[in-house]
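In: quick one, structure for this:
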Amino acid sequence: MSAPTRPLHPKALRIPCVLMRGGTSRGPFFLESDLPAEPGARDRVLLAAMGSPHLLQLDGLGGGNSLTSKVAIVSRSCRPDADVDYLFAQVAIDRAHVDLGPNCGNMLSAVGPFAIEAGLVPAAEGETVVRIHNRNTASLIEATVQTPGGLVDYDGATAIDGVAGTAAPVKLSFLEAVGSKTGALLPTGLAREEIDGIPVTLVDYAMPMLLVSAGDFGLAGDEMPTVLDADAMLLARLEGIRREAGRRMGLGDVAGRVIPKVGVLSPARRGGSLTSRYFTPDRCHRSHAVTGALCVAVASRIGGSVAAEMLSPGTDSLVAVEHPSGTIQIDLSLDAAGQVARASLVRTARRIFEGNVIVPASTILALAERAETGGEQTHDDHAPPSLQPADGRSGQLLPA
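Out: Okay, the predicted model is just below:
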């Protein structure tokens, strides 16, 4: 953690941002150039902007839930095969911690529209394909955005479970999702192994995950999230297994970190392919993360895996993952060897408001002082390389 930095403005920082819904998540979107270049200073700004640490995040943009305590940082990409870089940050609610370890596929669905309207990518007539480099996982995703007349269109007839109403579709195609954090689809080389006497599958496609069978925990598998969240013994046992899974996957000590995630699987009930309860990891997701659904879908095609044994007979390349709010469909494209070449799905997004988030300078200084006196570190040890220097825009009020 760097030494505390003093803002140029004595009372507050005004930082341009756009609040967007992406899939079933929501959070502010920032241009990288509007945030401090130094990671510690940037993280303190994000914590203050979201109102963390506080369970309700009353003093910021966060909604007191992990699904609404997310941040997207976007910039032009230096990669020749990408248009923009996207860095996702999960801002903790109850502690001063910013985790850059995972990706968020739901927030990803709003990156394309944001990039076009921010002038980072020119809009084409009809549809615009935005090539996104996710810095958290060093992977490439193509987002197809509706742009009739060269303008982003948010209205449409596409509905996704977990979101009221309909909107324009955003198609996401994941091109480099194998081994997102571990470098391998099966980090241990095994489709099935045991931890604490429980059969598990440790898999990494778009998101490192620990997959288990609901029946092995005395669950039906279709319990609602509130029921699962209230089961302290279940959560404690899953966490113990998850920590060992993280060690085996080469992720080190994952205590206090959000990866690997946990998928508690069971057979489908509503005509889908299989049922998943996705843990984030300390609470059950009210619907399902996109990256988690991708991982579950791909795992279901691995012979001998926990997911494969739950798969409905006759499932083809379209895998429908049932979750508490409905179903999410993953379209798998297989190569000649039967391996997944790409995975696609459709999400929606909405631009909610735009303007400046006002960040009190005193809050940022307090967070910095906590770090300097031995408080909780705000920056995850497994973060990607530092952001590039900011370009001096008006929103850049903290010196690096």
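In: only C-alpha atoms from now on, for both contacts and neighbour counts.
Out: Noted.
In: what number of residues lie near Glu142?
Out: Glu142 has 22 neighbouring residues, counting by other Cα atoms under 10 Å.
In: tell me the SS of it?
Out: strand (DSSP: H, G, I helix; E, B strand; the rest coil).
In: Ala308 too?
Out: Under three-state DSSP, Ala308 comes out as helix.
In: Val145 now?
Out: strand.
In: isn't it up against Arg131?
Out: No. The criterion here is Cα atoms under 8 Å, and Val145 misses it with Arg131 at 10.9 Å.
In: settle it for me: which of the two has more neighbours?
Out: With neighbours defined as other Cα under 10 Å, Val145 and Arg131 compare such that Val145 has more, 30 against 22.
In: remind me, longest helix of this structure?
Out: Longest helix of the chain, by residue count under DSSP state H: helix 232-248.
In: so the residue positioned nearest the centre of the chain versus Val254, what's the distance?
Out: In the chain, the residue lying closest to the centroid (Cα atoms, centre = their mean) is Cys104, at 1.7 Å. Using Cα to Cα, to the nearest Å, we find Cys104 at a distance of 18 Å from Val254.
In: do Arg270 as well
Out: Counting by Cα to Cα, the gap from Arg270 to Val254 is 34 Å.
In: flag every buried residue along stretch 168-181.
Out: 168-181 (16 or more other Cα atoms under 10 Å).
In: sorry, wrong one. I was asking about stretch 303-313.
Out: Buried residues in stretch 303-313, counted by 16+ other Cα under 10 Å: 305-312.
In: and stretch 177-193, by the same measure?
Out: 177-182, 184-188, 191-192.
In: repeat for stretch 217-237
Out: For stretch 217-237, the neighbour count (16+ other Cα under 10 Å) marks 221-222, 224-225, 228-229, 235 as buried.
In: what about that stretch, start to end distance?
Out: Length of stretch 217-237, first residue to last, Cα to Cα: 9 Å.
In: can you give the contact residues for that stretch?
Out: Under the criterion Cα atoms under 8 Å, 6 or more residues apart in numbering, residues 214-215, 264-266, 275-277, 282-286, 324 lie in contact with stretch 217-237.
In: quick one: average pLDDT of it?
Out: Averaging pLDDT along stretch 217-237 gives 97.
In: run the chain-centre distance for it.
Out: Relative to its chain's centre, stretch 217-237 lies at 22 Å (Cα atoms, centre = their mean, to the nearest Å).
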